[in-house]
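A.B. asks: Model the following, please.
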Amino acid sequence: MFIIAFSLGYYIVQKIYVNDNKPIELVEPLFIYVVFGTLLGARLGEVFFYSWDYYKNNLLEIILPIKRAAGESAIFGLIEGWKFTGYTGFASHGAAIAIIITMYWYSKKHLQKPLLFILDRMAIVSALGAAFVRLGNFFNSEIYGKPTGSNLGVIFKNSDAEMLPRHPTQLYEALCYLFLFFILWKFYWKTDKKEKTGFLFGLFMIGLWSARFFIEFFKEAQVDGREDWIFSLNTGQVLSIPLILIGLWLVLRSPKTTL
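C.D. replies: The predicted structure is shown next:
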């Protein structure tokens, strides 16, 4: 799903750069920044926002796709007591922070434009990419919802032994993000809102993180003990609030304000 998201994003940004009269050669370094920023930020977000209690005692597992497992056969016949797991944790809040940082470097080095100029364009492809990531979570039975309390729902094989129908919250999010992509796409191509620097990115922040905030009510808690972290809100909801407020500021601010 990451590969599909990055590939479609590469194609879409090429079209946007042609429309903006920007050199198409600048798309390649852009996506090098995006790929590394997304994966590294999402990984570190999972570590520090959600799972630090575990990783602080297993620092090697932050950067390597292996895990301690006593009694396991050696990895490739070489390393005893470890098993290959792949990278098993990514957090969208960490990815969002990392992309903003890497886009700042990119805009200064390659575009000589305000940070919000490139964030407006990346918001469009990021909404589409987020939809594909949530589809991947659905296929993997990850980040599933609470039991529906009826026969309507999806049974996730990784959830429990009771085979309860649950809310497919991954699909709820994927549909919201896909809808957000089409809204941003229309605003860019059919209106003059792209001329108001920061508007598209602000709309993206409001739409994506608001969807995340409300859908969290239907999700199983991602971290034990964080179901009602602050004011009866879980970790994902608390982290989403400042991002929504930033989006509101960007949409409502004076057009003369630059960043």
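A.B. asks: Now the helix or strand where Gln237 lies: buried residues?
C.D. replies: In the assignment (DSSP states H and E), Gln237 maps to helix 235-252. Using 16 or more other Cβ atoms under 10 Å as the test for burial, helix 235-252 gives 235-240, 243-244, 246-247, 250-251. C-beta coordinates here come from the backbone N, C-alpha and C atoms, glycine included.
A.B. asks: can you give me the helices for this protein?
C.D. replies: Assignment of helices within the chain using DSSP state H yields the ranges 2-19, 27-45, 52-55, 60-63, 92-106, 115-139, 169-190, 199-215, 235-252.
A.B. asks: Ok, which of those comes nearest Asn151?
C.D. replies: helix 169-190 (17.6 Å; Cβ to Cβ).
A.B. asks: circling back: how far off helix 199-215 does the helix holding Gln237 point, in degrees?
C.D. replies: The directions of helix 235-252 and helix 199-215 differ by 150 degrees, with axes from the mean of the first three to the mean of the last three Cα atoms, to 10 degrees as the criterion.
A.B. asks: could the buried residues of helix 235-252 go into CSV alongside distance to Lys56 and pLDDT?
C.D. replies: Formatted as CSV, those follow (distance: Cβ to Cβ, whole Å; pLDDT from 0 to 100):
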residue, distance to Lys56, pLDDT
Thr235, 17, 79
Gly236, 21, 80
Gln237, 24, 88
Val238, 21, 88
Leu239, 20, 85
Ser240, 25, 90
Leu243, 26, 92
Ile244, 30, 96
Ile246, 29, 94
Gly247, 32, 95
Leu250, 35, 94
Val251, 38, 94
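A.B. asks: residues contacting the closest residue to Gln14 other than its chain neighbours?
C.D. replies: Of all residues not flanking Gln14 in the chain, Val27 sits nearest, at 5.4 Å (Cβ to Cβ, 6 or more residues apart in numbering). The neighbours of Val27, taking Cβ atoms under 8 Å, 6 or more residues apart in numbering as the test, are 10, 13-14, 17.
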